[in-house]
Every structure is written in C-alpha cells, then in structure tokens.
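Novice: 3D model of this:
(2 chains)
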Number of protein chains: 2
Amino acid sequence: MLKLDEIQKRLLREVADLHGVPEGAYNIRSNSASAGRQSTANIEIVPKEEVSGLEIRIKPGTKNESVHIPVVMTQSGLKEVVYNDFFIGEGADVVIIAGCGIDNCGNQDSQHDGIHRFYVGKNARIRYVEKHYGSGTGSGKRILNPGTEVYMEEGSYAEMEMVQIKGVDDTERTTTAELAAGAKLVVRERLMTHGDQRAISNYVVNLNGEGSSADVVSRSVARDHSFQKFDAKIVGNAACHGHTECDSIIMDEGRILAVPALEANNVDAELVHEAAIGKIAGEQLIKLMSLGLTAAEAEEQIINGFLQ
Amino acid sequence: MLKLDEIQKRLLREVADLHGVPEGAYNIRSNSASAGRQSTANIEIVPKEEVSGLEIRIKPGTKNESVHIPVVMTQSGLKEVVYNDFFIGEGADVVIIAGCGIDNCGNQDSQHDGIHRFYVGKNARIRYVEKHYGSGTGSGKRILNPGTEVYMEEGSYAEMEMVQIKGVDDTERTTTAELAAGAKLVVRERLMTHGDQRAISNYVVNLNGEGSSADVVSRSVARDHSFQKFDAKIVGNAACHGHTECDSIIMDEGRILAVPALEANNVDAELVHEAAIGKIAGEQLIKLMSLGLTAAEAEEQIINGFLQ
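Specialist: This next block holds a predicted model:
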C-alpha cells in the first residue's frame, strides 16, 4: 500500500495513469520522500547518496519491463532538484514512465526540477513518457523545470513523449541528445499553456554517428495571456537524417515564438524543418458547431485532437 | 560617357547587367566617387552632405521608371560606408537596381557597407534588385555588408531580389522591414559561398498592420570550406500572413546553420516556415551524367537551376 492522500492519488492518475501500485519496478516520490519503491530482478532502483535522486540500472537484454518514477507534490513552498540517472543495458527494451504533478493550495511557489540522464546502451530501446500537471487554488506558482539528457549508443532507439497537460505556471524544459551511429531519437512534445503561464522549451540534438536520425515534433496551444518559446536545434555532424516540426495553435492573447535551427556540418547531413503558427481554422469550428456543439465545445474538441 | 576602365565595366555587367549608360535615373559609384549621375523629371538623385551616399526622391505616381545605383570598387584597401535613402512617393511603381562588384588584386581588404533605407509610400510598388560579386587575384578580402531597411506604408508592395553571385569573402547581410496594413513584402535571396567564405544573413520582418504579408525565400549553396548562417524572423503583430523558407545545398566541407524564427503576438497572425539542408540528390546527378555531362558539369547545372 502507498502512503498517499486523495489529492496525491489524483495527481498520480493524471501524470502516470496509475490507480495503485504499478507492476514492475517503481519509485513514487511524494513531497520529497519515497512513498514506495520496488526493484525487480532486472531493474534496480538505488537512491543516490550525495544528491537527491535515483540510479536506475536496467540489465542488458531486459525485455518487456517497465519503470515508474512519478513525483507528486502537495506541500506549498517545496523546492527540489532531483537527479535521476538511467543506465539501460545493451539490447534492453523497456518502458519508463516519469511525470510530475504539483497541487499548490498555498501562497508559496512549489518547484520541482527533475534532471534525467539516459545512458542508452548499444541496440537498446526505450519508450519514455513524462507528463507534467498542476492544480490547486493557491496563489503560489507551480513550477516544473525538466532537464533531459540522452546519450545514445550505436543502434539504440529512444521514443520520448513529453507532455505538459495543464496548470504549470512556469517551465523551462531543456532536452539534449547525443546520437552514435545508427541511433534513432523520436520526440513527441505536447504543450498547453493558459492564464499567465510561461513555457520555454529547448532542444539540442547532435547527430554524431553515421546513419543516426532524429524526429522531433512539438505541438502546442497557447491560450489566454500565456507565452511559449520553442527552440530546437538539430545538428548534423555525420551522414544523418534530422527532422523537426513545430505546430502551434494560438488563442485569445497568447503569444508564441518558435526558433528552430538546423546546423549541417557534414555534406551527408540531411536536415528538414517545418513550423506553423495560427489560430483554429474557422471552417473547423463551423463544421463542429453545425453538428450541435457550442463554440467552446467545438474549440475544446479541436484542441484535444491537436494535442493527442 | 562613363569614366570606367575595362575591369570596372566588367563588374558593372556582372552586378547590374549594364553595358553602358542606363536609361532613366542613375548614379554609378566607382572607387568612392561618382562616375556619372542623372536625375529625371520624376526621380531626383541628390548626394548627401554629411555622410557618403544619396537621397533618391521618386515623385508620387511615377510609373515604369527605373533607378540604377551600382557600385564598383577596384582599388585594394578601400573601405566605405554608404547611406542611400529612397523616398518612393504614393502610388509610384518603379524598378531599383543596386549591386556592388569588388575586384581586389592587392593584399589589403576592400570593403563596401551599403545601408539602404526604403520609405515606400502608400500603395507604391517597387522591384529592387541587388547583386553582389567579387573577383581579383589579390590576397586582400572582398567584403560586402549590406544593410537594408524597408518601411512600407499602407497597401504598398516591395519585391526584393538579393543575390550574392560569387567571390565575396565575407558578408553580413541585415534586412529589416516594417509593414503597415495591407503591405506586402516578397524577398528572394540567392547566396553562393565557396573557398573559405563566410556569409551571415539576418532578416527581421514585422507584420504590424492588418492584412500585411511577407514571403521570404532564401536559397543557398555552400561549397568548399565555406560557412553560412541564415537567421530570419517573421513577427506577426496583427492579422497577417508570414511565410519563410530556406533551402540549402551543402557541398564538400561546407557548413550551414539556419535559424528561422516565427513570433506570433496576435491571435490572427498566421506564420509558416520550412527549411531543408542537404546535398545534391544522387539520382539528379546520375540522370544528367547519363545525358553525357561530366560529374562536375552535372553539379554545376543543378546548382545553377537551384539558384535561378
């Protein structure tokens, strides 16, 4: 049994789809302490000694296993930096579910900075899911600054779904990746900001090895008075393929700045980028409204589809 | 008759397609002095008094007239900053041909910084062509830093063809534009760098007025050990359309960094960007070679087509 109250359980459902203790390896962090931890035969979770955080060691060849390491915070004014390192052994194939939910009912800011480092071994595969969510009626901000570093060895594959659902007042998201020969990185970012929120998202992907490739796609919605900045740089240092795309819907008084960069340092680097910013198309709204939806419902449905 | 030697005449042909005195208004600048100047009834060219450069005043309603203001430099070690201001009257429709050719046979750098300001009146239209070219066997560099500022009033239209043909060792190109309601800016940039050349190209286009639009397309080729940086920012401050595209061919040890930016500050701003960097497609080469061309000829033909 987990030592969690109802709010913490709700946050856990939002960020990790968890309705109880997950299968496999897990560590559930609640207000800076572990509310439950389990290693398995193949996946060892060890707390760090010098700084806050975990070492997650996944044995070579581990298949069809998962690690859950969600974080929930309900104590107003809590500020923490957590360093989690993942060592994914050669040929392993695992799912890693992170995510952080903050409920802030106080007037002090709550902040979680999660620094995740992934050492993806030769021919290993990971699917990583990270969801961020904030709630609570306090005037204190909910601040989430994820730092993600991915080191990919030859032939490895990483698929990263990074989602900020709602309720996060301020975020600076930094993702860097270094890819060896034949490695492939797929990133799907989904971001929604509302109210006076601010979101900065930075990517630097270095395609260092022959045949490495990256596909970084970000979709975002900026509502109310919120502001978003998206910076994504794909660097081709070898014969490689890089693609990045950012599509944004702007609403109300929202503002978006997209600054993608392509850097080709090798004659065999092939890099492509697309970006589009605009509001919801009028025809789409009218079509849904003619089916009986209100304007607000139609808008909601379009946004949900876009962010799926 | 123009007071120009054979090299100067050749440069003039390269940058402005001129084989003699142009029709209409013109000023030909050669080694920091005027080699010939002519105003017309509708287009007045007046030298500035406090700094080097010209004021070009085009009367409202002037149609089907042209201004040529090419610059040639053959004296090694010459460095100049020239300020040319264009006042284009309401409803005018004119062609402006600029361009600069440097032949440097000495060991000192030759540098021309041309700052062009365009005040495009209500409903006026301009077509602007600017070609940059360098030649000469000296070890001194040929440096060209064009600064272009465009202020577009309601309903005005500007089409700008900015070309750096070859032989320019170092360039920093800066273009800024401010568009009022209904104004439209079209930019076609063509850039080729070779040897150890370096080219930096910056655009900032502010779409301030309702219904304003911009279409900025850059095509470039980086050969040998050359380096290019392309920075283009389209800012939507009103209901507007902005499109920017940069396509680059990379060859040999060339390097390219493309950093386009879209900034939407208004819910009715529609901004789109595309970029691609890659080498010449193998199939294209093979096709042309099967028609009897050598590899080098095939490459040349593909590049010429791409930069046209």
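
Novice: Around chain B, which positions in the stretch 201-308 of chain A sit nearby?
Specialist: Residues of the stretch 201-308 of chain A lying near chain B by Cβ under 8 Å from any Cβ of the partner chain: A:236, A:248, A:250-279. The way it works is simple: take the backbone N, C-alpha and C, and place the C-beta from them, glycine included.

Novice: what about the helices in chain A?
Specialist: Under the criterion DSSP state H, chain A carries helices at the ranges A:6-16, A:282-290, A:295-307.

Novice: Counting neighbours, which bits of the first one end up buried?
Specialist: For helix A:6-16, a neighbour-count test (16 or more other Cβ atoms under 10 Å in any protein chain shown) marks A:Gln8, A:Arg10, A:Leu11, A:Leu12, A:Glu14, A:Val15, A:Ala16 as buried.

Novice: Redo these as CSV? Include pLDDT and distance to chain B.
Specialist: What follows is these, written out as CSV (pLDDT from 0 to 100; distance: Cβ to the nearest Cβ, whole Å):
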residue, pLDDT, distance to chain B
A:Gln8, 90, 37
A:Arg10, 90, 33
A:Leu11, 91, 32
A:Leu12, 89, 35
A:Glu14, 89, 28
A:Val15, 88, 29
A:Ala16, 87, 33
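
Novice: quick one: which of the residues you listed is nearest B:Met162?
Specialist: Out of those, the one with the shortest distance to B:Met162 is A:Val15. That distance is 50.0 Å, counting by Cβ to Cβ.

Novice: The closest one: what's it in contact with?
Specialist: A:Val15 makes contacts with A:Pro70, A:Val71, A:Val72, A:Gly99, A:Cys100, A:Gly101, A:Lys131, A:His132, A:Tyr133, A:Ile165, as judged by Cβ atoms under 8 Å, 6 or more residues apart in numbering or on different chains.

Novice: Need the pLDDT of the closest residue to it other than its chain neighbours.
Specialist: The spatially closest residue to A:Val15, leaving aside those adjacent along the chain, is A:Gly99, at 3.3 Å (Cβ to Cβ, 6 or more residues apart in numbering or on different chains). Reading off the per-residue confidence, A:Gly99 sits at a pLDDT of 91.

Novice: Count the residues that sit near A:Gly99.
Specialist: A:Gly99 is flanked by 26 other residues according to other Cβ atoms under 10 Å in any protein chain shown.

Novice: do the one 4 residues further on as well
Specialist: The number of residues packed near A:Asp103 is 24, by other Cβ under 10 Å.

Novice: and if you look at A:Asn107?
Specialist: The tally of other residues near A:Asn107 (other Cβ under 10 Å) stands at 11.

Novice: Ok, A:Ser290 next?
Specialist: 9.

Novice: Next one: it relative to A:Ala298, how far apart?
Specialist: When distance is defined by Cβ to Cβ, to the nearest Å, A:Ser290 is 9 Å away from A:Ala298.

Novice: Quick check: A:Ala151 touching A:Glu178?
Specialist: Just to correct that, residue A:151 is Tyr rather than Ala. Yes: here A:Tyr151 lies in contact with A:Glu178, judged by Cβ atoms under 8 Å, at a distance of 5.3 Å.

Novice: just for the stretch 1-150 of chain A, where's the confidence low?
Specialist: When residues are selected by pLDDT under 70, those of the stretch 1-150 of chain A lie in A:1.

Novice: repeat that for 80
Specialist: The stretch 1-150 of chain A contains residues with pLDDT under 80 at A:1-3.

Novice: Distance check, the residue nearest to the spatial centre of chain A against B:Lys166.
Specialist: In chain A, the centroid-proximal residue (Cα atoms, centre = their mean) is A:Met162; its distance is 2.3 Å. For A:Met162, the distance to B:Lys166 (Cβ to Cβ) stands at 45 Å.

Novice: Repeat that for A:Val129.
Specialist: Here the criterion is Cβ to Cβ. By it, A:Val129 lies 51 Å from B:Lys166.

Novice: higher neighbour count, the two?
Specialist: Neighbour totals were compared for A:Val129 and B:Lys166, and A:Val129 leads with 20 against 17 (other Cβ under 10 Å).

Novice: Run through the bridge partners of that one.
Specialist: On the basis of DSSP bridges, A:Val129 takes part in beta bridges with A:Ile97, A:Glu161.

Novice: Equivalent analysis for A:Asp247, please.
Specialist: Taking DSSP bridges, one obtains A:Arg219, A:Ala276 as the residues bridged to A:Asp247.

Novice: same thing with the one 10 residues further on?
Specialist: Beta-bridge pairing of A:Leu257 under DSSP bridges involves A:Lys229, B:Glu263.

Novice: from memory it sits against B:Glu263, does it?
Specialist: Yes: taking Cβ under 8 Å as the definition, A:Leu257 is a contact partner of B:Glu263 at 4.5 Å.

Novice: Neighbour count: the two, which is higher?
Specialist: B:Glu263 (22 against 19).
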